[in-house]
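**Student:** Need coordinates for the following:
(2 chains)
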Amino acid sequence: MSSEPAIVFEGVVKRFGPRRVLDGLALSVAKGELFVIIGPSGTGKSVTLKLASGQLFPTAGTVRLLGEDLGALGSRALAKLRRRVGYLFQSGALLGWKTLAENVALPLAERDRLPPAQVEGRVRAALAEVGLADAGDLYPAEVSGGMVKRAAFARAIIEDPEVLFFDEPTSGLDPVMARTVDNLIAQVGRARGATCVVVTHDLAGALRYADRIGFLKDGRFLQVAAPDAILHTPVPEVRAFLEAQRVEHRP
Amino acid sequence: MTLTREPIEGPVAAAVAAVGRTARLTAAALAGLPAALFRRDCRATFLRQLYLIGIGSLAVATVVALFTGMILGLQLGIAFRQFSQELMVAFTLSYAMLREMGPFMTGIILAACVGSSMAAQLGTMTVNEEVAALEMMSVDPIRFLVVPRLWAMTLMAPILSFYTCVIAFLGGALVGYTQLNIPFLQFIGQVMEAAEPKDLYVGLLKAAVFGVLISGISCAVGFATTQGAAGVGASTRRAVILSFLAILVGGYFITRFFYVF
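**Tutor:** Numbering: from 1, shown residues only, chains lettered A, B, ... in the order given. Alright, predicted model coming up:
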């Protein structure tokens, strides 16, 4: 992990109409760090992720991604920056009329316009990495939610991005599949050195792979700390969250 | 052009922003023709859209055109019979269909059958975050989704409009033969005689413009969808209504431009 920040939030306020979702949020995620955002529903976790990836822009404050002020970038510069970023959406967001393999191939074939032979090899390798070597020809509607998530995971990592965002990567998955996805996140973060920001409710999973965990409530981080410190937190809201999930640290 | 957008407060500002977004999206898609022709995936979608728009609308267009021709033939026949000018039915039908009714009916059929489907599909993709996923992959949703749809609609609308006119003439000729005692070939001959090249060209141009308007509006409305399944339904309805209005307003100005000035 580098001391250089990959993502920086400075005094970020985000409002939707009269509703203030983020209220002066400050955050710095180092390059290569595995940072997990937890917290109750509706506290702005996914909004934070969308701000960090340039899908939304702050009402006030600054968001920097890989040294670039996202609010100051034009469409082209933003698209160029996004080439260095992977994003796993909560639903997987695969295109329904394309097979899993075609979905995974999208960034290579559509954006980079690589020759089909080259695309095929890399897609096969990416699908094998997430345990879907034999499912490439199936359509999203023909496979389980877990397989959709894993295919979306393969699509997010196929270009070895420097930063990866995961929005509820284990929601709706059975515990075994959830652990598989957790292991994939840890593997990408550790083996490839990518900066990972994960939004999840699955604290047990987060404790296994996170470098730091941030507890978000009412538009601010109540606590940002290493997993051990979170487990022994003095903050009542975080304590309540832990107790609700009855989490024990089992590395 | 990024589709990521923030909600705009105030109905007037939101409406102006929506018009601006639609115009920019349409202009960007029109400029993207090379992508539709030369990029493999885009070309495949373009051909699929040509099929869906052309073949998919053919049955509806046939029925609507046939009965429109028959109704117009009958009504005009009843009127002209009072002056013993039954043959004027063919002349009038030729003017009406080539100049206005052909492109107008085609536009209405395409807005209802294809524009609604475009808005629903892109709306569903938007609420399912598939469009956001494309943007996050730096795949331009306009080039990937709008360009093939808009160009397929723009090319297919004049063809369908011409087909609609031909079927309406046949419907008129059928009524002329069975109700007004006008020989079939004589009716068609009168239609051909009345048809001015300018009427045909302006009619086809009008249909092409309607194709641009319908697909541009439908795609823009689809991309602006929010609030899940209910939002998709609302977008579909909005796309059809706005397309109908655009067809009427656009049709008036094209007619005025070519026939008044």
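
**Student:** Secondary structure element holding the residue in the stretch 1-150 of chain B that chain A sits nearest to?
**Tutor:** Scanning the stretch 1-150 of chain B for the residue nearest chain A gives residue B:133, at 3.8 Å (criterion: C-beta to the nearest C-beta). Bear in mind the C-beta positions are built from the backbone N, C-alpha and C, glycine included. Using DSSP states H and E, the element containing residue B:133 is helix B:130-136.

**Student:** which residues touch that helix?
**Tutor:** A:53, A:55, A:79, A:82, A:85-87, A:89, A:93-96, A:106, B:2-4, B:122, B:125-126, B:140-141, B:144-145, B:223 (C-beta atoms under 8 Å, 6 or more residues apart in numbering or on different chains).

**Student:** Quick one: buried ones out of these?
**Tutor:** Neighbour-count burial (16 or more other C-beta atoms under 10 Å in any protein chain shown) is assigned, among the contacts of helix B:130-136, to A:53, A:55, A:79, A:82, A:85-87, A:89, A:93-95, A:106, B:2-4, B:122, B:125-126, B:140-141, B:144-145, B:223.

**Student:** Just to be sure, which of these are found in helices?
**Tutor:** Counting by DSSP state H, the buried ones among the contacts of helix B:130-136 place A:79, A:82, A:106, B:122, B:125-126, B:141, B:223 in helices.

**Student:** So for the residue of chain A found nearest chain B, what's the nearest residue that isn't a sequence neighbour?
**Tutor:** For chain A, the residue closest to chain B is residue A:93, as judged by C-beta to the nearest C-beta, at 3.8 Å. Spatial nearest neighbour of residue A:93, excluding adjacent residues (C-beta to C-beta, 6 or more residues apart in numbering or on different chains): residue B:133 at 3.8 Å.

**Student:** Need the pLDDT of that neighbour.
**Tutor:** Residue B:133 is assigned a pLDDT of 93 by the prediction.

**Student:** In the stretch 151-251 of chain A, mark out all the helices, start to finish.
**Tutor:** Along the stretch 151-251 of chain A, the stretches classed as helices by DSSP state H, counting those that start in this stretch are A:175-192, A:203-209, A:227-231, A:236-245.

**Student:** Would you pull up how far the first one lies from the middle of the chain?
**Tutor:** Okay, so that is helix A:175-192. Between the mean C-alpha location of helix A:175-192 and the chain-wide mean there is a distance of 12 Å, by C-alpha atoms, centre = their mean, to the nearest Å.

**Student:** How about stretch B:133-149?
**Tutor:** 23 Å.

**Student:** Spatially central, which residue of the chain would that be?
**Tutor:** Assuming you mean chain A. residue A:166 (1.8 Å; C-alpha atoms, centre = their mean).

**Student:** looking at chain B here, not the other one
**Tutor:** residue B:107 (3.0 Å).

**Student:** three-state assignment of that one?
**Tutor:** Classification of residue B:107 using DSSP: H, G, I helix; E, B strand; the rest coil returns helix.

**Student:** Apart from its neighbours in sequence, what residue is nearest it?
**Tutor:** residue B:210 (3.7 Å).

**Student:** what's the burial count for the one you found?
**Tutor:** 28 (other C-beta atoms under 10 Å in any protein chain shown).

**Student:** ok now do it, which residues does it touch?
**Tutor:** B:103, B:106-107, B:110, B:157, B:246-247, B:250-251.

**Student:** Narrow those to those in strands?
**Tutor:** Secondary structure from DSSP state E places none of the contacts of residue B:210 in strands.

**Student:** Now list the buried members of those.
**Tutor:** Using 16+ other C-beta under 10 Å, the buried members of these are B:103, B:106-107, B:110, B:157, B:246-247, B:250-251.

**Student:** Can I get the residues you listed in JSON lines including distance to residue A:237 and pLDDT?
**Tutor:** Shown next, in JSON lines, are the buried ones among the contacts of residue B:210 (distance: C-beta to C-beta, whole Å; pLDDT from 0 to 100):
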{"residue": "B:103", "distance to residue A:237": "64", "pLDDT": "94"}
{"residue": "B:106", "distance to residue A:237": "61", "pLDDT": "95"}
{"residue": "B:107", "distance to residue A:237": "58", "pLDDT": "95"}
{"residue": "B:110", "distance to residue A:237": "56", "pLDDT": "95"}
{"residue": "B:157", "distance to residue A:237": "59", "pLDDT": "95"}
{"residue": "B:246", "distance to residue A:237": "53", "pLDDT": "95"}
{"residue": "B:247", "distance to residue A:237": "57", "pLDDT": "95"}
{"residue": "B:250", "distance to residue A:237": "58", "pLDDT": "94"}
{"residue": "B:251", "distance to residue A:237": "61", "pLDDT": "92"}
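
**Student:** Kind regards, and thank you for your time.
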